[in-house]
Each structure stands twice: as structure tokens, then as C-alpha cells.
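Trainee: No sequence on hand, only this structure:
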């Protein structure tokens, strides 16, 4: 018989943990989940629906599919297997964290800029979570910043298809859904919601995102300036207190002298009057000295402020230079990606140019995984003969004929929630 542990009748003794007493091996993160309106996966979410869906965010797992050889995350990590037994799906992701049970959830507007410089303001659904960075080293990549794609529960997904009369495009209008996962993507994987991302809590609900070093430097400068101004003010108070004490002593001396004049000769009276004149002169000199001190303090404070302002401008210039270098690197990366996309499209030699027309026209909008998935689906629908010879290669380059088919190099497929949308559309068409 296995060991058993049965609770006694004694009352449990609870430990009074404070709200911030949590596992130190976790790191907090901030997540841009989705944006409102139309998206390029042909679904549509209103703010009212997103607000209801947001009630299911707390407690949702944060997952990812990490590849050691790539040293980064990939896509949703769902593999489709086609064989003589049919179609099978396998999930390759694992949990790296969760949306906090007490997570804040809010809407915030961001200006998204595409690779052509086109700008569009979108309203994103935001939340916070925790990642087990102490347990999984790769989870720290998400804290540095990675794209994010949400997944919806297919059983709870409710909606209908409609056509946008202005564009003539069909969209699946989501009426209700439950968040099943939030998935960390690789840096080279572009999510359905272009700006969706998971990162350290750098973007607040009040301020725009800013470089950490810049914020720290600016805070230090303002603190120093405040200290200088406060120090000058304190010196001024000390000087005034000293002068006040001196003035009281002078008044006492004058009063004493006046009392003595009542019993002195006329000569002594003249001496007292002379002393009073001298005291008045001293008071005027003290007042002049006080004014000079104040002017010097104001000059020092002004010079310090000007120096801090110059340093701030220099930091802004450095930030602009770094931003320019970053944009140049992005342009270079886009050029390399474009070459990879052309090579990938050309590798689908079994499809005609007409078959690949839509992908070619929108290749700038699609990631490599998107292109591979779309062309692969076309191959399946058209029942392409995979043993067809590639006339662009030598016969010696052809190995065994292809007998299996995958949606990308790791046999991954489009997001599960997108597959659910397609199934919904097929169900609606069959009705």
C-alpha cells in the first residue's frame, strides 16, 4: 500500500505572504496582444469584442518553439504530417510563462511604420505577464523583445464571414473567443498583427518608449539640477538668518546707547550719534553684500542649467545617429530577406506563374514561413505531382522523389486559430 497523508482536524496555519514576495527566478514582461479592426489574416475584431475577450487573458500560458541551432524562437511550432493514414497535427511549443492572475489589461495606441515608411496608428490590446527566465535561458530573448502571436480556442471561436464593400475582400468577423495561448515568435517571423510584441515592461500607459540609458541620464541631470537650485536656496536662507541675528544685535546696542544718553553730557550724546551713523553704514554694506551673493548664486545656477541643457542636446544627437544606423541595418536585412523570398518562390517549380501570382505580388507583406505555407497549400489543393522533374536543375541533383509534404522546413503550419477560421469558413459553405 502506498504512503498516505491525511489532514487532521487542526485548523491550517497560513503564512502571511506579501504581494511582492514571489519567486525571484521570474521576470515581468509586457505584451502587445492584438490590434483592433481588420488584419492581414482576414479577421476583424471590434473594441467591444476585444474587451470581452480580454477577460480570458489572465492565466493564459505564454509558449514558444525554440530552436537550438537557430538560437532563436520559430513560429507557432505546429507540425502537420501527411501520410497514408491522413493528416496529423503535432504541437512543438512549450510553456515559458503566463499572464499574471492580477495582470493589468488596457488599450493603447501606437504608430506602426512598414518597410516602405507608410505610417498607420493602431489601437492595441495590452497586458502583463511573467516568464521563467531563471529556469529557461532562452526566455531572456523575450525580455529583450520578440514578436508575439496570440492563439484562440477553436471550440469557443464564434463569428461569421462578411465582405468589405470598399475593398471587395472577405473578412471573418469575430464575435467571441477565448485566448488559449500567447506565443513567442522568432525575430525573423512577422506576426499577423504586425506590431504585436512581447518585451520587458518598457512601454508605459503614459509615456512613449525611450532608450533606458537616455532616461537614466536625463533623470540624473534633472536630479543634479534640482540639487543645485535647492542648495542655492538653502545658502540664501542661511545668509538671511545670519543677517537677521546681526540686525538684532545692532538694535540692542542702539537701545543701550539711547539709555546711556539720558545721563551723559552733550559730548557723549554726539559720540552716540556718530556710532549710530556708523552702524547704519554697516547695515547698508551688509545689504549690498547680500545682494551680490544672490546675484552670484543666480549666475551659477544659470550656468549649470545651460551646461545640463547642452549635455542633453548631445545625448539627443547621439540617439538620432544610433537610430539612423538601425534603419540602415533594417534596410540591409530587408534586401537579404527579399533574395531569400525569391529563391523560395522559385523552388516551387511544380507551380505555374499564375499559381504563384498572388504570393509574388504580396511577397513584401509575407514572411518566409507565410510564403512557404501558402505555396504548399496550393500544391496540396492542386494535387501537384511531387515527382515532377525540376527542369532548372541537372538530373544528377535529383534525389529520391518527394513522398511527403510539409508547410515549412520544420514541418510547421500556420497558427491553429487561423486553421480554425478556415474550418469555420468551410463549415459555413457546407451549410
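Mentor: That came in fine, so what should we check first? If you're wondering where the values come from, they're calculated on a predicted model, not measured in any experiment.
Trainee: tally of neighbours for residue 92?
Mentor: Around residue 92 there are 18 other residues, counting by other C-beta atoms under 10 Å. (C-beta placed from N, C-alpha, C; glycine too.)
Trainee: Was I right to think it contacts residue 65?
Mentor: Yes - the pair formed by residue 92 and residue 65 meets the contact definition of C-beta atoms under 8 Å, at 4.9 Å.
Trainee: Output the lowest mean pLDDT helix or strand found in this protein.
Mentor: Within the chain, no helix or strand scores below helix 212-261, which has a mean of 54 by mean pLDDT, DSSP states H and E.
Trainee: Now do the contacts for the residue lying closest to residue 56 once chain neighbours are set aside.
Mentor: What sits nearest to residue 56 in space, not counting adjacent residues and going by C-beta to C-beta, 6 or more residues apart in numbering, is residue 178, at 4.5 Å. Each residue near residue 178 by C-beta atoms under 8 Å, 6 or more residues apart in numbering is listed here: 53, 56, 152-153, 156.
Trainee: same deal with residue 7?
Mentor: Residue 7 makes contact with no residue, according to C-beta under 8 Å, 6+ apart.
Trainee: State whether it is indeed within a helix.
Mentor: No - residue state for residue 7 (DSSP: H, G, I helix; E, B strand; the rest coil) corresponds to coil; a helix is not indicated.
Trainee: what about it, distance to residue 194?
Mentor: As for residue 7, its distance to residue 194 is 53 Å (criterion: C-beta to C-beta, to the nearest Å).
Trainee: isn't residue 110 right next to residue 120, touching?
Mentor: No - taking C-beta under 8 Å as the contact criterion, residue 110 and residue 120 are not neighbours in contact, 9.5 Å apart.
Trainee: So for the two, which residue has more residues nearby?
Mentor: Per other C-beta under 10 Å, whichever of residue 110 and residue 120 has more neighbours is residue 110, with 18 against 12.
Trainee: what about the more buried one, helix or strand, and which?
Mentor: Counting by DSSP states H and E, the secondary-structure element that holds residue 110 is strand 105-113.
Trainee: helices or strands up against that strand?
Mentor: Contacts of strand 105-113 with other secondary structure elements, assessed using 3 or more C-beta pairs under 8 Å, 6 or more residues apart in numbering; DSSP states H and E, are made with strand 119-131.
Trainee: Averaged pLDDT, the strand it packs on. What do you get?
Mentor: If you average the pLDDT over strand 119-131, you get 95.
Trainee: and the direction of that strand versus that of strand 105-113, what angle?
Mentor: What separates the directions of strand 119-131 and strand 105-113 is an angle of 130 degrees, with axes from the mean of the first three to the mean of the last three C-alpha atoms, to 10 degrees.
Trainee: May I have the strands that pair with strand 119-131, each with its orientation?
Mentor: The strands beside strand 119-131 in its sheet (DSSP bridges) come out as strand 27-35 (antiparallel), strand 94-99 (antiparallel), strand 105-113 (antiparallel).
Trainee: Next, the buried residues of it.
Mentor: Along strand 119-131, the positions that meet the burial threshold by neighbour count (16 or more other C-beta atoms under 10 Å) are 122, 124-131.
Trainee: between those residues, which is nearest residue 26?
Mentor: Using C-beta to C-beta, residue 130 comes nearest to residue 26 of the buried residues of strand 119-131, at 4.5 Å.
Trainee: Let me know whether the closest one touches residue 25 as I believe.
Mentor: No - under the criterion of C-beta under 8 Å, residue 130 is not in contact with residue 25, lying 10.0 Å apart.
Trainee: Tell me where the model's unsure across the stretch 1-150 of the chain.
Mentor: For the stretch 1-150 of the chain, the stretches with pLDDT under 70 are 1, 9, 79-89.
Trainee: how about the helices of this structure, start to end?
Mentor: For the chain, the helices identified by DSSP state H occupy 47-53, 140-144, 212-261, 266-347, 357-361, 368-381, 416-430, in order along the chain.
Trainee: who's in contact with the fifth one?
Mentor: It stands for helix 357-361. For helix 357-361, the surrounding residues in contact (C-beta under 8 Å, 6+ apart) are 345, 353, 366, 371, 374-375.
Trainee: Now those in TSV, please, with extra columns for distance to residue 185 and neighbour count.
Mentor: As requested, the contacts of helix 357-361 are arranged in TSV below (distance: C-beta to C-beta, whole Å; neighbours: other C-beta atoms under 10 Å):
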residue	distance to residue 185	neighbour count
345	22	18
353	31	8
366	14	17
371	16	22
374	18	18
375	20	20
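Trainee: Out of the residues you listed, which is nearest to residue 331?
Mentor: Distance from residue 331 was checked for each of these by C-beta to C-beta. The minimum falls on residue 366, at 18.5 Å.
Trainee: Kindly confirm whether my reading is correct that that closest one touches residue 372.
Mentor: No - Residue 366 lies out of contact with residue 372 (C-beta under 8 Å); the separation is 9.3 Å.
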